[in-house]
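Asker: Would you be able to build a 3D model of this:
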Amino acid sequence: MRIEKTKPKKGVTELPAITKELIHQLQTCSDDELVGTLKGITVWRYGKCELYHWIEVLDRFDAVLEVAARHESEADPTSCIFMCPKLEDHVFKEKVETVLNFTALLIEHSYARHIYNSTEHLCVLLACPDLDVVLAVLNLFYVFSKRSNFISRLPPKQRTNLNSYLEYLGETWGGKQNGFGLAECCQSSKVFPSSCTTVYFEYQPAGSKPEAQVGVMKGAESIVLEAVDKMFESIPQLMASITAKHKIPVIKQMQLLTRLRLARNFHSDRQRLKCVMARLQAISILVYSVAPAEVVDPLIYDGFVEELVEVLEIKSTELMDIRAAVLRTLTAIIHLERDPRCLLGAIIEATGASTYHGFLPSLVRDCVAIFTGPGSGETLLAMAGGGAREEFPLTFATALFSFLYHLATYEASGDALVSSGIMESLLQVLEWKAFEPMNITLVTRAVRVIDLITNLDMSAFHSLGGWNKMLLRLEMEIQQCNKEAPFILSTEVKPAQKQSGGSEGSEARQPSEEGPAPQQQESQEAVPMETQAEVEGEAERGEGVP
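Answerer: Take a look at the predicted model:
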């Protein structure tokens, strides 16, 4: 629904001209122009600002999502879930995906996110049979969950429903022992049993009272559908025929739809990878949004961490997005401190983080060697644009360094990283002469990891000449700033100004007060997803950065 404009807007800051221009363009362009404009924005060049400035744009997006989530049949909307029939139009579906992707980018680089008011439509779109739309919705929820406490502040009923929807998406498919491990599901050569397209669903009819009897629901009914992938009916048609015969509660209808959608897509390699991605995203969102233990714990079962690492070990350029999602999921699980199984220890052991030749330290060394080695000036362009050097795309490298940072925040895993000798690779990144915004985000992350590790052990930092390399990097950054914004930084040492505050002293202070503003705007001109907003997002969620 639309944002209430009557709410007070406290501390609304002035926008840069480039941001004002974009907002005006998105407000006034036609529907056909809107898609083209949004698709052209893949990196953020507009600084970080309050979401209040974007109310008119978000209201326009809300109108698009409302149409997508509209239920046009004559059925009682309280008795069945919506099927999103408008998304069968491929042109409109592209528009919805584009709106969702841009909104995620905007939310990541803004604050005052609590005013966003289209969550109801997003929950409906999770029932869409099209997995591309589902993934776009999950990506937006992921940004909300990681960057803020937005989901935890939703109305209780809405949050409960969302948690249930995400739980259904994240539930196990049978586990590795039954041949449905995550690594097996990511491989195209794997032959799965026929049960992968069979749906068995048990439910308590709406209106009846469940009675527990030796762990079994008394009066429960079941539905069995075999070879769902070979049925001619679409998912909405199947749901319509099933709900016409069975009185399934609305919340359980979402679980049935999720299983039908999985069974329909499981035999297709491309679609199955999307199901894997959706499952990983759903689990990450639940962990970051501090969902109840009874929801999260069954999803992160014994052996789940090992399954994630097995996916990470698959060397395939076609799976880099999946591998990046695995790293993001592991990063989320790190903070699941309430789990008595000590998942942090399982992550350290599974990744070999404590030994030089372990999988994680070796992966970091290989990644660093790729983008700091010969031809590294073109490497990140290839990473961002899908060029010839695809061993470590930017999204994967960013997720890897974020994972290292979150590992380093805990003493046990920080000690493991120290033991693995990872400091040498981090200092290599520090020496890397990279100044483009897409490159500098990796340098920033490396510095943050170094900062955390040196709190535990300084010996490797000293022995490898860390201080000299840090000072040389600082000198390079200052030289680069002087090229882009001269006269702001100066190497001259000026005498202290008199405290009387004369006019000459005021003029001397003028550049230092007003100068950094354009420099800050310049440094934020091109910020990719998953980069600059991380520190601000953790602060908004109340975590902070050590």
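Asker: mind showing which ranges of the stretch 351-500 of the chain have poor pLDDT?
Answerer: 374-390, 437-438, 488-500 (pLDDT under 70).
Asker: so where do the helices sit in the stretch 101-250 of the chain?
Answerer: Along the stretch 101-250 of the chain, counting by DSSP state H, counting those that start in this stretch, helices occupy 119-125, 131-147, 156-170, 182-185, 235-245, 250-265.
Asker: Least confident of these, on average?
Answerer: For these, mean pLDDT drops lowest on helix 235-245, to a mean of 88.
Asker: can you give me the angle that one makes with helix 250-265?
Answerer: Taking axes from the mean of the first three to the mean of the last three Cα atoms, to 10 degrees, one finds helix 235-245 and helix 250-265 inclined to each other by 140 degrees.
Asker: So for helix 235-245, what gets flagged as buried?
Answerer: Within helix 235-245, the residues scored as buried using 16 or more other Cβ atoms under 10 Å are 235-236, 238-239, 242-243. The way it works is simple: take the backbone N, C-alpha and C, and place the C-beta from them, glycine included.
Asker: right, so of the helices of the stretch 101-250 of the chain, which gets closest to G466?
Answerer: Distance to G466, taken as Cβ to Cβ, is lowest for helix 131-147 among those, at 30.2 Å.
Asker: Next, count neighbours for N468.
Answerer: Per other Cβ atoms under 10 Å, the neighbour tally for N468 reads 10.
Asker: Nearest residue to the middle of this structure?
Answerer: Centroid check for the chain by Cα atoms, centre = their mean gives Y142 as the closest residue, at 4.6 Å.
Asker: hang on, that residue packs against A282?
Answerer: No. Applying Cβ atoms under 8 Å, one finds Y142 not in contact with A282, separated by 9.1 Å.
Asker: Nearest to V64, out of the buried residues of helix 235-245: which one, please.
Answerer: P236 (20.4 Å).
Asker: distance of the closest one from D89?
Answerer: 14 Å (Cβ to Cβ, to the nearest Å).
Asker: Ok, G466 next?
Answerer: 57 Å.
Asker: likewise A332?
Answerer: Taking Cβ to Cβ, one finds A332 at 35 Å from D89.
Asker: for L162, same thing?
Answerer: 26 Å.
Asker: more neighbours, the two?
Answerer: Each of L162 and D89 has its neighbours counted (other Cβ under 10 Å); L162 has more, 21 against 12.
Asker: quick one: contacts for the more buried one?
Answerer: 119, 123, 141, 151, 154 (Cβ atoms under 8 Å, 6 or more residues apart in numbering).
Asker: A434: which of those is nearest?
Answerer: When the contacts of L162 are compared against A434 (criterion: Cβ to Cβ), the nearest one is F141, at 32.1 Å.
Asker: The closest residue to the closest one other than its chain neighbours - how many residues pack around it?
Answerer: Of all residues not flanking F141 in the chain, I285 sits nearest, at 5.1 Å (Cβ to Cβ, 6 or more residues apart in numbering). By other Cβ under 10 Å, the residues close to I285 number 26.
Asker: in which helix or strand would I find I285?
Answerer: helix 269-288 (DSSP states H and E).
Asker: Pull out the buried residues from that helix.
Answerer: For helix 269-288, by 16+ other Cβ under 10 Å, it's 271-288.
Asker: same for the following helix or strand past that helix, what does it pack against?
Answerer: As assigned by DSSP H and E, the chain's next helix or strand after helix 269-288 is helix 293-296. Helices and strands touching helix 293-296, as assessed by 3 or more Cβ pairs under 8 Å, 6 or more residues apart in numbering; DSSP states H and E, comprise helix 156-170, helix 269-288.
Asker: for the ones you listed, which one sits closest to Y410?
Answerer: helix 269-288 (15.4 Å).
Asker: Residues touching that closest one, excluding its own?
Answerer: 131-132, 134-135, 138-139, 141-142, 145-146, 151, 163, 166-167, 169-170, 182, 185-186, 188, 262, 265-266, 295-296, 299-300, 319, 321-322, 325-326, 328-329, 331-333, 335-336.
Asker: Please name the bridge partners of the spatially closest residue to L256 that is not a sequence neighbour.
Answerer: Setting aside the residues directly before and after it, L256 is nearest to F201 in space (Cβ to Cβ, 6+ apart), at 5.1 Å. Beta bridges link F201 to I223, judged by DSSP bridges.
Asker: Quick check: F201 touching Q255?
Answerer: Yes. F201 lies in contact with Q255 (Cβ under 8 Å); the separation is 7.4 Å.
Asker: what about the helix or strand harbouring G36, average pLDDT?
Answerer: Element membership of G36, judged by DSSP H and E, is helix 31-39. Here helix 31-39 scores 92 as its mean pLDDT.
Asker: which parts of stretch 106-118 are buried?
Answerer: 106-113, 115-116, 118.
Asker: and if you look at stretch 415-422?
Answerer: Per 16+ other Cβ under 10 Å, stretch 415-422 contains these buried residues: 415-420, 422.
Asker: do the same with stretch 186-205
Answerer: Result for stretch 186-205 [16+ other Cβ under 10 Å]: buried residues 186, 192, 196-197, 199, 201, 203-204.
Asker: Just those residues: which are in strands?
Answerer: 199, 201, 203 (DSSP state E).
Asker: CSV for these, including pLDDT and distance to F461?
Answerer: Formatted as CSV, those follow (pLDDT from 0 to 100; distance: Cβ to Cβ, whole Å):
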residue, pLDDT, distance to F461
V199, 92, 56
F201, 92, 57
Y203, 89, 59
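Asker: Pipe those residues into TSV and attach distance to V309 per row.
Answerer: Putting those into TSV (distance: Cβ to Cβ, whole Å) gives the following:
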residue	distance to V309
V199	30
F201	32
Y203	35
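Asker: of all the residues you listed, which comes closest to H462?
Answerer: Nearest to H462 among those, with distances taken as Cβ to Cβ, is V199, at 60.6 Å.
Asker: residue contacts, the closest one?
Answerer: 223-225, 228, 256, 259-260, 263.
Asker: same thing but at 10 Å, please
Answerer: Each residue near V199 by Cβ atoms under 10 Å, 6 or more residues apart in numbering is listed here: 223-228, 238, 242, 256, 258-264.
Asker: Return the entry from the residues you listed with the maximum number of neighbours.
Answerer: Among these, the one with the most neighbours (other Cβ under 10 Å) is R261, at 26 neighbours.
Asker: Wait, that one touches T197, no?
Answerer: No. Counting by Cβ atoms under 10 Å, R261 stays clear of T197, with 11.7 Å between them.
Asker: Check the contact lists of the two and give me the overlap.
Answerer: V228.
Asker: Now L65: closest residue in space that isn't a chain neighbour?
Answerer: H121 (3.9 Å).
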